[in-house]
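Chemist: when you get a sec, could you give me coordinates for this:
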Amino acid sequence: MMAERLTRQGLDVVLVDRELPGHGSTAASTSMLLWEIDRSLSELTGFYGFERAVRAYRASFEAVSGLQALVRDLALPCDFRAKSSLYLAAGEDASGLITENILRTRAGLPGTFLDHRALLGAYAITRAGAIVSPNSADCDPMQMAIGLLNVARGRGARFFEAETVCYDSASQSVGVSTSEGRMIEARHVILATGYVMPDIVETTVQSPSSSWAIATAPQPDRLWRDGVLIWEDSKDYLYARTTRAGRIIIGGEDSNTVIEPDARDAEIPAKAARLQQRLAALWPRADLTITHRWAGTFDTTRDGLPLIGPVPGHPNLFAAYGYGGNGITFSYMAAQLLGDLIAGQRSPLLDDFAIDRDPPSA
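Modeler: All right, here's what the predicted structure looks like:
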């Protein structure tokens, strides 16, 4: 995302990655491109006030539209599909969703509350209620990543497989050292390193987590209406989507204690069985045959917002961390915000997403 945006601005771009492109967190992404943030508008309003909460939500809403336009304009072959989202009540009470929908309406955000009867009639899902909203999407994340990289390389960007180990900031440039003893000097450096955060980035709002997912056998005749993106009104929510081939992808069972790769992957069989049970409860008509199961480590923030902007104390060094369930949407936002910042335009969102922002109170 960053390379595409910066090469579009005519800048000379170098990418450094210790993994092959797409072989890190990207390959594990379920790629639900929601504009709704991990923390509800009601929660964010409680943390920061209505104006700041709405600013983040509207930026996320516009980011999905921006992503759709970017995919169209670049003709990226990534199975991008516009979708509505279905935000389900997790328990027996839907009053929180009613309040959330009222607040969204006040903010000018689209959505319709469905009570139990309306939800059952429209989507054949048995929950206390839900909010159905337009303007989300899904895609193939590997194809999107490779497509963006190819576009950037076509504009002259250079890619190096290496591991960076040191960043030396100065008033006019940043020196980046690799583990092989090489040095890259640049006017600006952007850290887009996922959950592998260098020590120079200090924040009190972030923590690592793991998530597990399964994909079923193709079953195009057994999918829910319109293939809406499904997620729940809870902190550790279940999430589900369909694919163009007719598979169901469902994920969740998140843990902030099991994050080491070997320990995380050892949990895959048990977590897959649990996700299979939860799919059966959510959508009883599903074929529960699992063809793929996997896990991934990512980061979350206490307020559900990304970490985007200057790294404090390190001139010309910036961070682009799209933490949480909106990683791809936040990555698009990071590319726009940091691209504009390098071009001399500063958004108030950079204060909202600041690396050193104070964590919200409990």
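Chemist: walk me through the domains of this structure.
Modeler: Domain assignment for the chain by automatic domain parsing gives 2-25+157-205+304-352, 81-138+206-301.
Chemist: between the two ends of the first one, how far is it?
Modeler: If I follow you right, that is domain 2-25+157-205+304-352. Using C-alpha to C-alpha, to the nearest Å, one end of domain 2-25+157-205+304-352 lies 20 Å from the other.
Chemist: the helices in the stretch 51-200 of the chain, which residues?
Modeler: Remark: helices assigned in the stretch 51-200 of the chain by DSSP state H, counting those that start in this stretch are 95-107, 116-123, 141-154.
Chemist: other residues contacting the first one?
Modeler: Spelled out, it's helix 95-107. 40-42, 45, 50, 54, 57-58, 87, 89, 110-113, 129-131, 133, 233 (C-beta atoms under 8 Å, 6 or more residues apart in numbering). Heads up, the C-betas are built off the backbone N, CA and C, glycines and all.
Chemist: of the residues you listed, buried ones?
Modeler: 40-42, 45, 54, 57, 87, 89, 111, 113, 129-131, 133, 233 (16 or more other C-beta atoms under 10 Å).
Chemist: need the pLDDT of Leu148.
Modeler: With respect to pLDDT, Leu148 has a value of 97.
Chemist: if you tally nearby residues, what's the number for the nearest residue to it once chain neighbours are set aside?
Modeler: The shortest distance from Leu148 to any non-neighbouring residue, by C-beta to C-beta, 6 or more residues apart in numbering, is to Glu4 (4.7 Å). Applying other C-beta atoms under 10 Å, we find 22 residues neighbouring Glu4.
Chemist: contacts only, for Glu4.
Modeler: By C-beta under 8 Å, 6+ apart, the contact set of Glu4 is 70, 74, 148, 151-152, 335.
Chemist: which of these tops the neighbour count?
Modeler: Within the contacts of Glu4, most neighbours by other C-beta under 10 Å means Ala335, with 26 neighbours.
Chemist: could you say which helix or strand holds that one?
Modeler: Assigned by DSSP states H and E, Ala335 belongs to helix 327-342.
Chemist: that helix to helix 141-154, inter-axis angle?
Modeler: On the basis of axes from the mean of the first three to the mean of the last three C-alpha atoms, to 10 degrees, helix 327-342 is oriented at 20 degrees to helix 141-154.
Chemist: how far off centre is helix 327-342?
Modeler: For helix 327-342, the gap between its own C-alpha mean and the chain's C-alpha mean amounts to 12 Å (C-alpha atoms, centre = their mean, to the nearest Å).
Chemist: now stretch 281-288
Modeler: 26 Å.
Chemist: just the C-alpha atoms of it, please, in CSV.
Modeler: What follows is stretch 281-288, C-alpha atoms only, in CSV (Å, rounded to 0.1, in the frame of the first residue of the first chain):
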residue,chain,number,x,y,z
ALA,A,281,-24.5,-23.0,15.7
LEU,A,282,-24.4,-19.9,13.5
TRP,A,283,-25.4,-21.5,10.3
PRO,A,284,-26.9,-25.0,10.8
ARG,A,285,-27.3,-25.7,7.1
ALA,A,286,-23.5,-25.5,6.4
ASP,A,287,-21.5,-28.4,5.2
LEU,A,288,-18.9,-28.6,8.0
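Chemist: can you list the weak-confidence ranges in the stretch 251-362 of the chain?
Modeler: Counting by pLDDT under 70, the stretch 251-362 of the chain has low-confidence residues at 362.
Chemist: count of neighbours near Glu161?
Modeler: Glu161 - counted by other C-beta under 10 Å - has 11 other residues nearby.
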